[in-house]
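Asks: sequence-free structure coming up:
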Ligand code: SF4
């Protein structure tokens, strides 16, 4: 790895959250008082892929520049992640650089700043600058997305943020850009490359928009909240009065006032109420998930919500596949002639056969040696639950990752 991305500081007004803070500047006031959050499994996976992608692109472009051989990937790298990273590398080379480095300046994982003092900066996956056939000085900003939900490229505030920031960096160096192309590479999609062009005028408009939001936060110091699509990834959902009020209004449930919470039986609801609930089901679910995440983070941060604790559920057994051949041999020795159908048969199927052949006690002992049992999912429960509470943040993080990968 060339760079540990997880150690970067998060900009208060960063590129990845620009959609939220430009629409809801008040979110900054909530977020600064939230307990520290553990990265979820999707965030950890994204960081890993970005680090592998950075190395793949860097090795490849170094090879193109001076002939240095491309090193073999480390055997420890997850094959699926490597595949995504190589696809990212190929799109950078073929579609962004058009298979040439001549007359181009570029950088990877660069910290681009609009205004350092106001915390307006972000780390961009890749940028390149060159002069077009129409003699325009063009910048290209590239954002790698590792999720499966399509991220739109048009009017994308994150891309606009990086486009403005790249132009600011170039201006600080005494030059300028006429236009900036924004590119999203999302390998999970059928069409993984999408781009949009920001003209100089459009960049001016975005520049004003970013500073207007920053001004309302830092100068006027007056929280202004607005509920919308951008709330989806807002870490303050669980404590945000505007958001819970919106949910209450939309669904007719008094969620913000637990003492008044009334959950009528479905058959007692009118058709109009049912329609409201069905229409806003995903917002409701998001809200409840964010309340649970918030309570988990409070527990990890040492300030649990009174009456709650985190516990570990039961994991599911799986074959210890590092020992595939050994397992097959061992099962054959115990009387199971065909334990595989290219992959091993289900654990329960084999176990039942073993019980018949060698008895329950020996079958259980044998299965314990042939299978592994990762930790189960971490859940937030009331503190009268008989399971012991989880202790440390690292245990929680490991358990969350393990249970997600099962
Ligand atoms: S949940 Fe929505 S309205 Fe509330 S602070 Fe976050 S972005 Fe703003």
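Replies: Nice, I can see it. Worth saying up front: this structure is predicted, and the values here are computed from it rather than measured.
Asks: kindly check the end-to-end length of stretch 372-391 for me.
Replies: Start-to-end span of stretch 372-391 (CA to CA, to the nearest Å) is 23 Å.
Asks: can you give me the buried ones in it?
Replies: 375-376, 378-380, 390 (16 or more other CB atoms under 10 Å). For the C-beta atoms, the positions are set from N, CA and C on the backbone; glycine is no exception.
Asks: need those in TSV (columns: pLDDT).
Replies: Converted to TSV, the buried residues of stretch 372-391 look like this (pLDDT from 0 to 100):
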residue	pLDDT
375	71
376	73
378	78
379	81
380	84
390	80
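Asks: quick check: the farthest pair among these?
Replies: Farthest pair in those (CB to CB) is 375 and 380. Separation: 15.6 Å.
Asks: can you count the residues close to residue 47?
Replies: Neighbourhood size, residue 47 [other CB atoms under 10 Å]: 16.
Asks: per-residue pLDDT of it, please?
Replies: pLDDT recorded at residue 47 is 91.
Asks: from the ligand, how far out is it?
Replies: 23 Å (CB to the nearest ligand atom, to the nearest Å).
Asks: Three-state assignment for that residue, please.
Replies: Secondary structure, DSSP: H, G, I helix; E, B strand; the rest coil: residue 47 is helix.
Asks: equivalent analysis for residue 106, please.
Replies: Using three-state DSSP, the secondary structure recorded for residue 106 is strand.
Asks: next up, the contacts around it.
Replies: Each residue near residue 106 by CB atoms under 8 Å, 6 or more residues apart in numbering is listed here: 61, 97, 126-129.
Asks: can you lay out these as a markdown table showing secondary structure?
Replies: Output for the contacts of residue 106, formatted as a markdown table (three-state DSSP):
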| residue | secondary structure |
| --- | --- |
| 61 | helix |
| 97 | coil |
| 126 | strand |
| 127 | strand |
| 128 | strand |
| 129 | strand |
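Asks: tell me which two of these sit farthest apart.
Replies: For the contacts of residue 106, and using CB to CB, no pair is farther apart than 61 and 129, which are 14.6 Å apart.
Asks: which stretches of the chain form strands?
Replies: 105-115, 120-131, 137-144, 179-185, 193-199, 308-312, 318-319, 340-341, 343-344, 371-372, 378-382 (DSSP state E).
Asks: those: lowest mean pLDDT?
Replies: Among the strands of the chain, strand 340-341 scores lowest, with a mean of 58.
Asks: gap between residue 276 and residue 56?
Replies: Separation of residue 276 from residue 56 (CB to CB, to the nearest Å): 48 Å.
Asks: which ones are touching the residue nearest to residue 48 when sequence neighbours are not counted?
Replies: Nearest residue to residue 48, sequence neighbours excluded (CB to CB, 6 or more residues apart in numbering): residue 81, at 5.7 Å. When contacts are counted by CB under 8 Å, 6+ apart, residue 81 touches 45, 48-49, 52.
Asks: out of the residues you listed, who's nearest the ligand?
Replies: The nearest member of those to the ligand, counting by CB to the nearest ligand atom, is residue 45 at 24.3 Å.
Asks: so what does the nearest residue to that closest one once chain neighbours are set aside look like in phi/psi?
Replies: Distances taken as CB to CB, 6+ apart place residue 146 nearest to residue 45, at 6.6 Å, with adjacent residues excluded. Main-chain torsions, residue 146, degrees, to the nearest 10: phi -110, psi 0.
Asks: kindly indicate which of the contacts of residue 106 lies nearest residue 294.
Replies: Among these, and counting by CB to CB, the member closest to residue 294 is residue 126, at 34.3 Å.
Asks: what's the burial count for the nearest residue to the closest one once chain neighbours are set aside?
Replies: Nearest residue to residue 126, sequence neighbours excluded (CB to CB, 6+ apart): residue 142, at 4.0 Å. Residue 142 sits with 26 neighbouring residues when counted by other CB under 10 Å.
Asks: over to the one 5 residues further on?
Replies: Residue 147 is flanked by 12 other residues according to other CB under 10 Å.
Asks: all numbers from here: first residue = 27
Replies: Done: numbering now begins at 27, and the last item shifts to residue 173.
Asks: that one against residue 210, yeah?
Replies: No: using CB atoms under 8 Å, residue 173 is not in contact with residue 210, being 11.0 Å away.
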